[in-house]
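J.: Just need the structure, nothing else, for what follows:
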Amino acid sequence: MYIRKTVQKAKNGKEYVNYLLVESVMTEKGPRQRTICSLGNLRPRPLGEWLVLARKVEEKLAGQLELEGVESDPLVAEIVGKIKARRSERLPAEDTVSAISDDASGEKRHGAGQAPGAAPEIVSVIADRVTVEECREAGPAYVGNCFWERIGIDDVLKEAGLSKKTRLLTRVMTLNRLVSPRSEHAMPGWIDTSAVGDLIGADLAGLNDDALYRNLDRLHACRDQIEKGLTARERDLFNLDASVYFYDLTSTYFEGQCAKNPKAERGYSRDRRSDCKQVVLGMVVNRDGFTCAHEVFEGGRQDAKSLNNMLDILEKRTGRLEGSTIVVDRGMALDENLAAIRGRECHYIVASRQAERNAWLEEFESGDWQEVKRTPSPTNPAQRKSKVLVKRAERNGETCILCISGGRSSKDAAIRRSHEERLIRDLQKLEKRVASGRLKKPEKIWEAIGRIKERYPRVARYYSIEWGETGLKWEENAEKKAIAEALDGAYLLKTDRTDLSADEAWRVYSMLTRAESAFRAMKSPLSERPIFHQTQNRVEAHIFLCILAYHLLVAVEKTLRDNGLNDSWATVRDTLSSHQTVTVVLPTTNRGTLRIRRGSAPEPEHIRIYDALGLPHAIMTPIKTWSST
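T.: From the prediction side, this is the model:
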């Protein structure tokens, strides 16, 4: 508050001086002055005492007590009386309560409020007018933002040469991918209705999709350096093991023709969307599921032909791989790939191909098996694990681990029967086409037979299919089929490590599911697919944004596991969605309206998760603002 002098001239030329007690208020059109009351003629008070008088009036209105023995200022009491009388005339007869507006936490504030350690500010509130506005979901974004800071991703982006604005937008886009995945076009709408601005202390109003698209372009050029920095930080922060790496691939499809993306091709779709172009994503993870390296390959790239490229990339991200163990699936179990791993002075554990497994039939039928002791799932202790038997053998300088899985046996048998039924059905359809004369050319008939064999390789190998003068004929090879039936649930692992028992080798290989879990998390709940971008750089930057969100996801899940909770990120996100930020609107009897922006009180389920993650229960520092309405 302060005192302002006004002068008015009458028609006779005489000047009339009046003094007003005013305060500054913020409106939609900017700062404005609001008159509190008229003070009449203040000529008895010197000019230097005006500000002191205004402050005394403000303190008296705020309810500040006077010290004993200090004489009160009668002019201050007179002015306060005028103001209260004026306000009481404007207010309806409603209940009022005294409220303490204070957050003496000593933390840094992003808005107006009391200084740290200040006494509580007591205001008189009109209870019937108290409302709550701008309720925003905050819990999931709060966790994601805290882990962004805990990992130090902003520092990694800064080391990569990204500006403050680019780092801010990258943080917002990553949190969106983690909390409520949207396209860049729809992301500003989410930002306007979420608590992300409250949590990071930034004004994000007016942000448009063009800025987000441009941010993807800036992010794309720094992917390698960022991933390398993140890998090093997480290894130190979470004490991660760097002796074993798991490599696998998945595919991600597009909406649109992707004419400007040379990597968009048709190929084997893990999403069962053969009608769409796709890219193939290769990813290397460690024992705890943290991403160490990734690469986006052409949509038609075969698994076996990607390993060398990925090993080069992994070496750039992590340094020398000497002594590490590379675990891959049977799709990459080619002799040249295993030789490439050994050439880097690394070890391998790999599942052999089906044809190679068939040569071990006698060993699979013999005894001397060891049962793997498997503990129940922490999230479902009542669930029974399938029985797994293993045994170790040596052949051609390799250690081979023969495995039989009870759960996999029934699954293999069901798949084999299904494929066999479909093979016979397709052969019968082809037979009718040939018999009716619709398919006459010999080369076309053999092409059709070849396509059927390619479609059902699991069962076509024990069928003899011929075409001649007597028409199309097929015959089952009972001996080969018996071998296939005997090997249901059986698989063979190979490794050049001689220090592993059969049990240990099986356990290491079974961790390849960490890579599969990473792909599942990328596709849901991070919603990596489908991709709507049409250029190569934007596609790769979109995937990298999902990778950044996955870094946060896996860090949260590991922290929970280490503290006895096995909740997935999807469960955590659903649980914390009810923790919000709100604006509490408190109309007062003497100072206008007080608005306090703060987090709601956490519920027991929220506290359980925050405690396991080592996070404060208060998700933001309260922000106080005064206004005239």
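J.: my guess is residue 243 contacts residue 326, does it?
T.: No - in this structure, residue 243 sits apart from residue 326 without contact. The criterion is CB atoms under 8 Å, and the distance is 10.8 Å. Where you see a C-beta, it was placed from the backbone N, CA and C, and this is true even at glycine.
J.: Which secondary structure state is assigned to residue 520?
T.: Residue 520 falls in the helix class when you classify it by DSSP: H, G, I helix; E, B strand; the rest coil.
J.: oh, and call the first residue 20 from now on, that's how I've got it
T.: Okay, residue one is now 20; in that scheme the one you just asked about reads as residue 539.
J.: Dig out what residue 272 forms beta bridges with.
T.: Using DSSP bridges, the bridge partners assigned to residue 272 are residue 297.
J.: Now do the domain split for this structure, please.
T.: Domains of the chain are assigned by automatic domain parsing as 20-109, 178-372+531-569, 379-393+403-518.
J.: Out of these, which gets the lowest mean score?
T.: With a mean of 65, domain 20-109 has the lowest mean pLDDT of the domains of the chain.
J.: that older thread, quick one, which of residue 262 and residue 345 is more surrounded?
T.: The neighbour comparison of residue 262 against residue 345 (other CB atoms under 10 Å) goes to residue 345, with 26 against 11.
J.: Could you verify that the more buried one is part of a strand?
T.: Yes - secondary structure assignment places residue 345 in a strand (three-state DSSP).
J.: Just to check, it is in contact with residue 367?
T.: Yes - distance between residue 345 and residue 367: 5.2 Å, which falls inside the contact criterion (CB under 8 Å).
J.: Now for these two: what residues contact both?
T.: Counting by CB atoms under 8 Å, 6 or more residues apart in numbering, the residues touching both residue 345 and residue 367 are residue 360.
J.: just the strands in the stretch 70-219 of the chain please.
T.: Under the criterion DSSP state E, counting those that start in this stretch, the stretch 70-219 of the chain contains strands at 115-120, 140-145, 150-156.
J.: For the last one, buried residues please.
T.: By neighbour count on 16 or more other CB atoms under 10 Å, the buried set for strand 150-156 is 155, 156.
J.: Give me the residues contacting that strand.
T.: Contact partners of strand 150-156, identified using CB under 8 Å, 6+ apart, comprise 198, 212-214, 217, 596-604, 616.
J.: hmm, 7 Å instead?
T.: With contacts defined as CB atoms under 7 Å, 6 or more residues apart in numbering, strand 150-156 is touched by 212, 213, 214, 217, 596, 599, 600, 601, 602, 603, 604.
J.: The third one: what's it in contact with?
T.: In other words, residue 214. Contact partners of residue 214, counting by CB under 7 Å, 6+ apart, are 155, 156, 157, 160, 599, 600.
J.: And for stretch 315-331, what's in contact with it?
T.: Applying CB under 7 Å, 6+ apart, the external contacts of stretch 315-331 come out as 266, 268, 270, 282-286, 296-301, 303, 312, 314, 347, 350-351, 353, 356, 359, 363, 559, 562.
J.: Please verify my assumption that residue 452 contacts residue 459.
T.: No - distance between residue 452 and residue 459: 9.7 Å, which falls outside the contact criterion (CB atoms under 7 Å).
J.: Which of the strands of the stretch 70-219 of the chain has the lowest mean pLDDT?
T.: The stretch with the lowest mean pLDDT among these is strand 115-120, which comes in at a mean of 56.
J.: Would you double-check that residue 276 falls in a strand?
T.: No - judged by three-state DSSP, residue 276 forms no part of a strand; its state is coil.
J.: Need the phi and psi values for the closest residue to it other than its chain neighbours.
T.: The shortest distance from residue 276 to any non-neighbouring residue, by CB to CB, 6 or more residues apart in numbering, is to residue 296 (7.3 Å). Reported as degrees, to the nearest 10, the phi and psi values for residue 296 are phi -70, psi 160.
J.: what sits against residue 296?
T.: 272, 273, 277, 283, 284, 285, 318.
J.: Only the buried members of the residues you listed: can you turn that into a PyMOL selection?
T.: Here is the PyMOL command that selects only those of the contacts of residue 296 that count as buried (16+ other CB under 10 Å):
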select buried, resi 272+273+277+283+284+318
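J.: Output the contacts of residue 296 in CSV, with distance to residue 185 appended to each entry.
T.: CSV is the format used below for the contacts of residue 296 (distance: CB to CB, whole Å):
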residue, distance to residue 185
272, 29
273, 26
277, 26
283, 27
284, 31
285, 35
318, 30
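J.: Relative to residue 503, which of the contacts of residue 296 is nearest.
T.: residue 285 (30.6 Å; CB to CB).
J.: now the strand or helix carrying residue 493: how far from the chain's centre is it?
T.: Remark: residue 493 resides in strand 490-495, with elements defined by DSSP states H and E. Strand 490-495 has its average C-alpha position 53 Å from the chain's average C-alpha position, going by CA atoms, centre = their mean, to the nearest Å.
J.: Can I get the buried ones among the contacts of stretch 315-331 as something I can paste into ChimeraX?
T.: If you want just the buried ones from the contacts of stretch 315-331 in ChimeraX, going by 16+ other CB under 10 Å, the selection is:
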select :266,268,270,282,283,284,286,296,297,298,299,300,301,303,312,314,347,350,351,353,356,359,363,559,562
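J.: Please list all residues in contact with the residue nearest to the spatial centre of the chain.
T.: When CA atoms, centre = their mean is applied to the chain, the residue found nearest the centroid is residue 197 (2.5 Å). Residues near residue 197 by CB under 7 Å, 6+ apart: 163, 545, 568, 571, 572.
J.: now do residue 337
T.: Neighbouring residues of residue 337 by CB under 7 Å, 6+ apart: 250, 261, 311.
J.: hmm, back to that, mind listing what's buried in the helix or strand just after the strand holding residue 493?
T.: Downstream of strand 490-495, the next assigned helix or strand under DSSP H and E is helix 497-505. Of the residues in helix 497-505, those buried under the neighbour-count criterion (16+ other CB under 10 Å) are 500, 502, 503.
J.: For residue 165, see how far away the second one is.
T.: It refers to residue 502. Relative to residue 165, residue 502 is positioned 56 Å away (CB to CB, to the nearest Å).
J.: Surely residue 616 is within a strand?
T.: Yes - residue state for residue 616 (three-state DSSP) corresponds to a strand.
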